[in-house]
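K.L.:
Got a predicted structure here, sequence first:
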Amino acid sequence: MSHPQETPMTDRPVAVTLSGVRNRTHLVHIASYVRHLLATRRGEIVVRSLGTGGFLGRTTVSDADIASFLPEDPRLTVVTDPDPRALAPERGVDWVYLAVGAPGIKPWARMVAHQPQHRPRVVVVDEGLGTYGTWRTRRDAWVRQGGGRVWPTVRAAAVSTAVARLTDERWALYLREAGAWRVNELVADEFRRRVPAPDPRADRAVYLAQPWVAMGLWPAADYRAHLRTVGAAVTAAGLDFVIRPHPADPDDLYQDLPVAYGNGPAEMDPDVVSARVALGATSTALLNLAALYGTTAVRVRHPRIAHLDRELGPDQRSLLAQFVPMTVDAEQLGTLLGH
């Protein structure tokens, strides 16, 4: 396995088989890699999707999103309903299996079965903060989504094995060098090109919600009480408070609380990117906002979810320590924001 590599310019066409897409943020990572191929190849590129998934029973990405998120180029063709018989390209075509988070063992096995002598090069893009975890953090995440502990343990072990043995290249947003993290600008630019230049609003704090209620980790009434405490602290500091719901949140969760329903990932929402401060529990979006745009980001603690931070892996901890170091209790938030 390796970090992003220099690709020699060539006229050979490329066939990209895509799997693991479950949200639009994944498509940004995928688009950055496809844009890289277009910049380093002169031949035709065909992207074939094996389908999309969802989270907690909700689907937030469609086949149409795949086509709209990928770069516009006359050399690029996007196929979202591929014929299984055409899964493996013919000879003379470079083949890439582009996976989100980890190579899927079943998709990889299907590809190899279709063309045993022409195996694809496996490239893995980020799924989110979870990609920088360990097999234990993956297992714990799947346990939280239901299904007991046995199957998540087996699944996490299988995924870790696939990552170690099948991955040829990691197309990562965060690269570790000399004991510190840096942003891969080829991926970061794909996010930035989709939003206008940040224009910080001195009067707004945006709370990025997580699906704790949908996952059964936090009773709805208690969660709303926590958000009211956060909102009171924000208001006391002279800022407007607004919540950006998670796509998996129940429709009636926020009741009389102030919400702003964005269109697409928070990292590409101008109202979020331009906020004075982004708040929330530990999340991929909070990390990305701080790292990509320099947004002031603060993690707000609560005993209900304190165990989630304790279960983070070493790389996850160091990423957050570098880019989102401020962590406070809701009751202390007003003091922090008032400084």
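P.N.:
In hand now; what should we look at? Residues are numbered from 1 along each chain as shown.

K.L.:
which residues touch the spatially most central residue of the chain?
P.N.:
Residue closest to the mean C-alpha point of the chain, counted by C-alpha atoms, centre = their mean, is residue 128 at 3.4 Å. Contacts for residue 128 (C-beta atoms under 8 Å, 6 or more residues apart in numbering) come out as 25, 101, 284. For the C-beta atoms, the positions are set from N, CA and C on the backbone; glycine is no exception.

K.L.:
Look at residue 199 and report its pLDDT.
P.N.:
Residue 199 carries a pLDDT value of 67.

K.L.:
Sorry, slip of the keys, the one I care about is residue 144.
P.N.:
Residue 144 carries a pLDDT value of 67.

K.L.:
Then residue 12?
P.N.:
pLDDT, residue 12: 91.

K.L.:
re the thing from before, let me know the closest of the contacts of residue 128 to residue 273.
P.N.:
Each of those was checked against residue 273 using C-beta to C-beta; the closest is residue 25, at 13.7 Å.

K.L.:
what's the neighbour count on that closest one?
P.N.:
Using other C-beta atoms under 10 Å, residue 25 has 25 neighbouring residues.

K.L.:
For the chain, name the helix or strand with the lowest mean pLDDT.
P.N.:
When each helix and strand of the chain is scored by mean pLDDT, DSSP states H and E, helix 135-144 comes last, with a mean of 68.

K.L.:
Residue ranges in the stretch 1-150 of the chain under the pLDDT threshold?
P.N.:
Low-confidence segments of the stretch 1-150 of the chain (pLDDT under 70): 1-9, 56-57, 82-87, 135, 139, 141-150.

K.L.:
which stretches of it form helices?
P.N.:
24-40, 63-69, 105-114, 135-144, 150-166 (DSSP state H, counting those that start in this stretch).

K.L.:
Out of the ones you listed, which is closest to residue 297?
P.N.:
Proximity to residue 297 (C-beta to C-beta) singles out helix 24-40 among the helices of the stretch 1-150 of the chain, at 16.3 Å.

K.L.:
Just the buried residues of that closest one, please?
P.N.:
Within helix 24-40, the residues that count as buried by 16 or more other C-beta atoms under 10 Å are 24-38.

K.L.:
thinking again about what came up before, mind checking the backbone torsions on the residue nearest to the centre of the chain?
P.N.:
When read as degrees, to the nearest 10, the backbone of residue 128 gives phi 160, psi -160.

K.L.:
how far away is it from residue 121?
P.N.:
Residue 128 sits 23 Å away from residue 121, going by C-beta to C-beta, to the nearest Å.

K.L.:
Over to residue 304?
P.N.:
For residue 304, the distance to residue 121 - C-beta to C-beta - is 43 Å.

K.L.:
Could you tell me which residues make contact with the closest residue to residue 169 other than its chain neighbours?
P.N.:
Nearest non-adjacent residue to residue 169, counting by C-beta to C-beta, 6 or more residues apart in numbering: residue 123, 4.7 Å away. Residues near residue 123 by C-beta under 8 Å, 6+ apart: 33, 96, 97, 98, 99, 167, 168, 169, 170, 171.

K.L.:
what's around the closest residue to residue 104 other than its chain neighbours, how many residues?
P.N.:
Among residues not flanking residue 104 along the chain, residue 19 sits closest, at 5.1 Å (C-beta to C-beta, 6+ apart). With neighbours defined by other C-beta under 10 Å, the count for residue 19 comes to 22.

K.L.:
Tell me the spacing between residue 19 and residue 94.
P.N.:
Shown here: residue 19 relative to residue 94, a distance of 18 Å by C-beta to C-beta.

K.L.:
go on, residue 134?
P.N.:
Distance from residue 134 to residue 94, counting by C-beta to C-beta: 32 Å.
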